[in-house]
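Trainee: Next input, structure requested:
(one chain, ligands or ions: 1)
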Amino acid sequence: MSGPTRRPAIPVILLTGYLGAGKTSLLNHLLRHPDARIGVIVNDFGDLNIDAGLVVGQVDEPLSISGGCVCCLTDDSELEDALVAMTNPKLRLDAIIVEASGFAEPLTLARMITRMGHHRFHLGGVIDVVDATMYFDTIDTSSLPPLRFAATTLVLVNKLDQVPAVDRENTVEAVRARVHERNPRVIVIGTHHARLDPTLIFDPGEGEQDPRRSGSDDGDNPIQPELPIRELLRQAYAEAAADELGDDEADAESLPHRHAQSVTVTGSGPVDPDAVMDFVEDLPPGVYRVKGTVLAAVGSRRRSFDVQAVGPNVYVAEAPRPVPKTPSLSAGNGDRPDADSVLVAIGEDFDTEAAEATLTAALNSDAAGGLDVAASGSDRSERLLHHVRLHT
Ligand SMILES: Nc1nc2c(ncn2[C@@H]2O[C@H](COP(=O)(O)OP(=O)(O)OP(=O)(O)O)[C@@H](O)[C@H]2O)c(=O)[nH]1
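Mentor: A predicted model of the protein is given here:
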């Protein structure tokens, strides 16, 4: 999305949840995705329980790579060094997931990542996994909803297979209501075995496709991009997962199994930056992510910006080159050779028509004559530029 000299910042996703809720299951599920290249940081060495077959190398090495990377930290102060190391373009990672121990406080962790403010990575969301059968006995036991949801962007109500089929919807709804009492912007999704559609939280294969992260022009110390055994391991795990389902398959089919929805909108000419920021700073209900590139008038110049939002976290960076001629942002968006800007909104159960209408207006304000760019371009870019300054 951005130019040849600037590498896109990698999203850092925090994975939190009460003991045994399903954090490791989610991690393993994401690692199994055939296109995913995920860096993993586990800050509790003793609890490391990632599928060993998906991890190559010794766990006490600072970095190792196959389907995913593992860096085990026994000390939180090492976190920033590990994150910086994982942004090495040779690793071509799509995302870095930090699995916190069961007792970690999401708010504190989120603040820690944000404070680091490193332009090579940014907070890409906080996922909290809760156990559908234990939620009201463990993390939500007082009259006030848990504070942890203030920092959360996505809650998985996991282990729904252990709830009678007739009660599943109500169970998710009860958790959703409590979470929303604390933070109405959190997306709440029911899962079993933490089977989450990965496109909700990162772009599988994005790091692989991005030549700036390939390091291929960098001859020394190459890291083998793909271990031959990787595919075999994925097949083995896919078969194991099928066996695990076994006779429960039919029942599992009746479990909520939703996929992410997405809307892709393009625009020509400079966007209305304020309208874009209105959208990304206050995402409509159900929209979890927004990503793309926009062309904006800043003073007398036109500049392109990479824009990302995950829940309440907004990330904007200057894009040295405009939107690619063939955006590969989302399935079904097709070729849009004339686009100056493109934004994709991703979420679950959201009003796609309303989102499309709002974004279309924001990205085509010039054509609609609704914005006098020459007169107001600079002022209207101020919020956009403010976010850029936060990461430089
Ligand atoms: N029946 C059922 N079991 C699950 C589900 N998700 C996870 N489990 C099981 O629950 C146990 C705990 O899951 P983990 O993924 O290890 O949970 P965790 O949050 O990483 O656990 P800690 O690291 O101990 O905090 C494992 O035995 C999983 O196989 C689910 O949706 N349904």
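Trainee: drop to CA atoms for contacts and neighbour counts, all remaining ones
Mentor: Will do.
Trainee: Show me what the host helix or strand of Val314 is packed against.
Mentor: In this structure, Val314 sits in strand 313-319 according to DSSP states H and E. Under the contact definition 3 or more C-alpha pairs under 8 Å, 6 or more residues apart in numbering; DSSP states H and E, strand 313-319 sits against strand 121-131, helix 273-281, strand 301-310, helix 382-390.
Trainee: switch to 10 Å and redo it
Mentor: When contacts are defined as 3 or more C-alpha pairs under 10 Å, 6 or more residues apart in numbering; DSSP states H and E, strand 313-319 sits against strand 121-131, helix 273-281, strand 287-298, strand 301-310, helix 382-390.
Trainee: Let me know which of those is the nearest to the ligand.
Mentor: The minimum distance between the ligand and the helices and strands packed on strand 313-319 falls on strand 121-131, with 7.2 Å, by C-alpha to the nearest ligand atom.
Trainee: May I see the buried residues of the helix or strand that comes right after that closest one?
Mentor: Scanning forward in sequence from strand 121-131 by DSSP H and E, the next helix or strand is helix 135-138. Of the residues in helix 135-138, those buried under the neighbour-count criterion (16 or more other C-alpha atoms under 10 Å) are Tyr135.
Trainee: Quick one: mean pLDDT for helix 135-138?
Mentor: Taken as a whole, helix 135-138 has an average pLDDT of 89.
Trainee: Residues in contact with it: which ones?
Mentor: For helix 135-138, the external contacting residues (C-alpha atoms under 10 Å, 6 or more residues apart in numbering) are 18-19, 21, 129-131, 141-142, 157-158, 171, 174-175.
Trainee: now the helices and strands packed on strand 313-319 in JSON lines, with mean neighbour count?
Mentor: Rendered in JSON lines, the data for the helices and strands packed on strand 313-319 read as follows (neighbours: other C-alpha atoms under 10 Å):
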{"stretch": "strand 121-131", "mean neighbour count": "27"}
{"stretch": "helix 273-281", "mean neighbour count": "20"}
{"stretch": "strand 287-298", "mean neighbour count": "25"}
{"stretch": "strand 301-310", "mean neighbour count": "22"}
{"stretch": "helix 382-390", "mean neighbour count": "16"}
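Trainee: Which strand or helix spans Ile13?
Mentor: Using DSSP H and E, Ile13 maps to strand 10-17.
Trainee: Which strands and helices lie in contact with the next helix or strand along the chain from that strand?
Mentor: Counting by DSSP H and E, the next helix or strand C-terminal to strand 10-17 is helix 23-31. Under the contact criterion of 3+ C-alpha pairs under 10 Å, 6+ apart, helix 23-31 touches strand 10-17, strand 38-42, strand 68-72, strand 95-99, strand 121-131, strand 154-158, helix 229-245.
Trainee: Please repeat the previous calculation with a cut-off of 7 Å.
Mentor: Here helix 23-31 is seen to pack against strand 10-17 when contacts are counted using 3 or more C-alpha pairs under 7 Å, 6 or more residues apart in numbering; DSSP states H and E.
Trainee: Quick check: mean pLDDT of the strand it packs on?
Mentor: Confidence for strand 10-17, expressed as mean pLDDT, is 86.
Trainee: Close to the ligand: what parts of the stretch 101-250 of the chain are there?
Mentor: Remark: the part of the stretch 101-250 of the chain in contact with the ligand comprises Gly102, Asn158, Lys159, Leu160, Asp161, Gln162, His192, His193, Ala194, using C-alpha under 6 Å from any ligand atom.
Trainee: what's near enough to touch the residue nearest to the fifth one when sequence neighbours are not counted?
Mentor: Yep, that's Asp161 we're talking about. In space, not counting the residues next to it along the chain, Asp161 is nearest to His192; the distance is 5.8 Å by C-alpha to C-alpha, 6 or more residues apart in numbering. Taking C-alpha atoms under 7 Å, 6 or more residues apart in numbering, we find His192 in contact with Asn158, Lys159, Leu160, Asp161.
Trainee: out of those, which one sits closest to the ligand?
Mentor: Among the contacts of His192, and counting by C-alpha to the nearest ligand atom, the member closest to the ligand is Lys159, at 3.1 Å.
Trainee: so what's the closest one up against?
Mentor: The neighbours of Lys159, taking C-alpha under 7 Å, 6+ apart as the test, are Asp131, Ala132, Thr191, His192, His193.
Trainee: give me phi/psi at it?
Mentor: Backbone torsions for Lys159, taken as degrees, to the nearest 10, come to phi 70, psi 30.
Trainee: what do you get for Ala9?
Mentor: When read as degrees, to the nearest 10, the backbone of Ala9 gives phi -70, psi 140.
Trainee: Now do the contacts for it.
Mentor: Contact partners of Ala9, counting by C-alpha under 7 Å, 6+ apart, are His119, Arg120, Phe121, His122.
Trainee: got it, and Gly286?
Mentor: The neighbours of Gly286, taking C-alpha under 7 Å, 6+ apart as the test, are Ile187, Gly347, Glu348, Asp349, Phe350.
Trainee: how near is the nearest residue to the last one once chain neighbours are set aside to the ligand?
Mentor: By the measure of C-alpha to C-alpha, 6+ apart, the closest residue to Phe350 outside its immediate chain neighbours is Gly286, 4.5 Å from it. According to C-alpha to the nearest ligand atom, to the nearest Å, Gly286 stands 23 Å off from the ligand.
Trainee: Check Gly286 and give its pLDDT.
Mentor: 81.
Trainee: what does Pro270 give?
Mentor: 92.
Trainee: looking at this, it is in a helix?
Mentor: No. Using DSSP: H, G, I helix; E, B strand; the rest coil, the secondary structure at Pro270 is coil, not a helix.
Trainee: wait, it sits on Val298?
Mentor: No. The criterion here is C-alpha atoms under 7 Å, and Pro270 misses it with Val298 at 9.5 Å.
Trainee: picking that back up, looking at the residues of the stretch 101-250 of the chain next to the ligand, which two lie furthest apart in space?
Mentor: Gly102 and Asp161 (21.6 Å; C-alpha to C-alpha).
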